[in-house]
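In: The amino acid sequence is not available; the structure is as follows:
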Ligand SMILES: [Mg+2]
Ligand SMILES: [Zn+2]
């Protein structure tokens, strides 16, 4: 069993803009995120994105545009010689009905754990909203609530997840 490092997307990996990130041009990767992810992977963490993308249900953007953003992130990480294992997302908006995958629901964390043989009790979720840490605590993951657009490298160092 491995330990998972679950990252919220907007505000943790890329800039929280105070609005939905609807196109690639809005998707600005925070400066030390590639280095932070590289160091986490090198330290044995399975790094997985867990993100609510209700803008898809609202028709603000489609899955293809989101995949362009994630493809760009993949390329930037690859340039640094690293990678996230996966990015799991909930495309649903609560106005269109309840789902189990939207945080604070924890279905995506459970799915990630099953797919990648992750020990949830040894795992950490970092997010900039209360719902991120609620999703984590519901399945025994340690949640770390941070300010939006904080240095991921510093967070990982402060919590001794990397050297
Ligand atoms: Mg966020
Ligand atoms: Zn959902």
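Out: Cool, the structure landed. Because the structure is predicted, anything quoted here is derived from the model rather than measured. Numbering: from 1, shown residues only. Ligands and ions are numbered 1, 2, ... in the order given.

In: switch to C-alpha atoms for all contacts and neighbour counts from now on
Out: Fine.

In: what's the next secondary structure element after the lengthiest strand in the chain?
Out: In the chain, ranked by residue count with DSSP state E as the criterion, the top strand is strand 45-52. Proceeding N to C from strand 45-52, the next assigned helix or strand is helix 63-79, under DSSP states H and E.

In: what does that next one contact?
Out: Residues outside helix 63-79 that contact it (C-alpha atoms under 8 Å, 6 or more residues apart in numbering) are 22-24, 27, 29, 34, 38, 56, 83-84, 87.

In: before we move on, what about stretch 84-99?
Out: Against stretch 84-99 from outside (C-alpha under 8 Å, 6+ apart): 37, 46-58, 70, 74, 77, 101-102, 108, 112.

In: returning to that earlier point: from the contacts of helix 63-79, which two are the most distant?
Out: Greatest spatial distance among the contacts of helix 63-79 (C-alpha to C-alpha): 38 and 56, at 29.2 Å.

In: Buried ones only from the contacts of stretch 84-99, please, as a PyMOL command.
Out: Remark: buried members of these, expressed as a PyMOL selection using 16 or more other C-alpha atoms under 10 Å:
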select buried, resi 37+46+47+48+49+50+51+52+53+54+55+56+57+70+74+77+101+102+108+112
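
In: ok, and of the contacts of stretch 84-99, which contact ligand 2?
Out: Counting by C-alpha under 5 Å from the ion, 101-102 from those sit close to ligand 2.

In: Reformat the contacts of helix 63-79 into a markdown table and put distance to residue 160 next to each item.
Out: Conversion of the contacts of helix 63-79 to a markdown table gives the following (distance: C-alpha to C-alpha, whole Å):
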| residue | distance to residue 160 |
| --- | --- |
| 22 | 34 |
| 23 | 34 |
| 24 | 33 |
| 27 | 28 |
| 29 | 23 |
| 34 | 18 |
| 38 | 15 |
| 56 | 36 |
| 83 | 21 |
| 84 | 20 |
| 87 | 24 |
